[in-house]
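Asker: Requesting a structural model of the entry that follows:
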Amino acid sequence: MTPSPTPSRLAVLRYDTPEFEVVTSGDHVLCAVTGRPIPLDALNYWSVELQEAYASAAAMTQRWLETHA
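Answerer: Numbers count the residues shown, from 1 in each chain. Model prediction:
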């Protein structure tokens, strides 16, 4: 019998500069723009001001433009 994969868990983070702190352990966060899951080991873009994560530089730029218009 093949073991079933471990279900993924949403992490809760505190975003800081230049790193983030894991508040509640998990393996991913959600992009604030796309809703796409981002594995913690691939998380490169976030906003300290808004305390949210982004899947890409384009998503981060889009959100910045929305909030700083």
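Asker: Do a quick rundown of the strands in the chain.
Answerer: In the chain, the strands defined using DSSP state E lie at 12-15, 20-24, 28-30, 37-39, 45-47, 52-54.
Asker: Show me the shaky parts of the chain.
Answerer: Where the chain drops to pLDDT under 70, the residues are 1-7.
Asker: and A42, what does it touch?
Answerer: Listed by Cβ atoms under 8 Å, 6 or more residues apart in numbering, the contact set of A42 is empty. The way it works is simple: take the backbone N, C-alpha and C, and place the C-beta from them, glycine included.
Asker: What separation is there between it and H68?
Answerer: 26 Å (Cβ to Cβ, to the nearest Å).
Asker: could the strands of the chain be laid out in CSV, adding mean neighbour count and distance to Q62?
Answerer: Shown next, in CSV, are those (neighbours: other Cβ atoms under 10 Å; distance: least, Cβ to Cβ, whole Å):
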stretch, mean neighbour count, distance to Q62
strand 12-15, 14, 17
strand 20-24, 12, 20
strand 28-30, 19, 15
strand 37-39, 15, 15
strand 45-47, 19, 11
strand 52-54, 23, 8
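Asker: what's near enough to touch the closest residue to Q51 other than its chain neighbours?
Answerer: Among residues not flanking Q51 along the chain, Y15 sits closest, at 5.3 Å (Cβ to Cβ, 6 or more residues apart in numbering). By Cβ under 8 Å, 6+ apart, the contact set of Y15 is W46, S47, V48, Q51, E52, A53.
Asker: Over to V22?
Answerer: Applying Cβ under 8 Å, 6+ apart, one finds that V22 lies in contact with A11, V12, L13, L40.
Asker: now do 6 Å
Answerer: With contact set as Cβ atoms under 6 Å, 6 or more residues apart in numbering, V22 has these partners: A11, L13.
Asker: partners of it in the sheet?
Answerer: In this entry, V22 is beta-bridged to L13, by DSSP bridges.
Asker: For S47, see how far away it is.
Answerer: V22 sits 17 Å away from S47, going by Cβ to Cβ.
Asker: wait, which of the contacts of Y15 is closest to T34?
Answerer: Relative to T34, the closest of those is A53; by Cβ to Cβ it sits at 10.4 Å.
Asker: partners of the closest one in the sheet?
Answerer: Beta-bridge pairing for A53 (DSSP bridges): C31, W46.
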